[in-house]
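Asker: Predicted model and sequence below, questions to follow.
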Amino acid sequence: MSKIKEYISESYNELVNKVSWPTYSELQSSAIIVMIASLVIAALIFLMDSTFSNAMELFYDLFKV
């Protein structure tokens, strides 16, 4: 039990005294970058999915009886 207590104490000490936390403005700019990147990736996946879907539809139409 003493090892767990020591672990928690050392973890708390490290989080309070050794970790450099970002400022609010840094968090805002990082969040904006993540949102933009997510939208770009979602758009790319949508375009690839639509293209592949249309290509497969054309392919299947070639062999329709």
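Answerer: Yep, it's here.
Asker: neighbours around Val19, how many?
Answerer: Using other Cβ atoms under 10 Å, Val19 has 7 neighbouring residues. C-beta coordinates here come from the backbone N, C-alpha and C atoms, glycine included.
Asker: mind checking the SS state of Tyr12?
Answerer: With DSSP: H, G, I helix; E, B strand; the rest coil as the basis, the three-state label of Tyr12 is helix.
Asker: How many neighbouring residues does it have?
Answerer: Using other Cβ under 10 Å, Tyr12 has 10 other residues around it.
Asker: And the pLDDT for it?
Answerer: pLDDT recorded at Tyr12 is 95.
Asker: So in the protein, which helix runs the longest?
Answerer: Looking across the chain with DSSP state H, the single longest helix is helix 24-62.
Asker: list the buried ones in that one?
Answerer: Within helix 24-62, not a single residue qualifies as buried, counting by 16 or more other Cβ atoms under 10 Å.
Asker: let's number from 842 now, not from 1
Answerer: Fine by me, first position is 842 from now on; the one you just mentioned is helix 865-903.
Asker: Before I go, just wanted to say thanks for your time.
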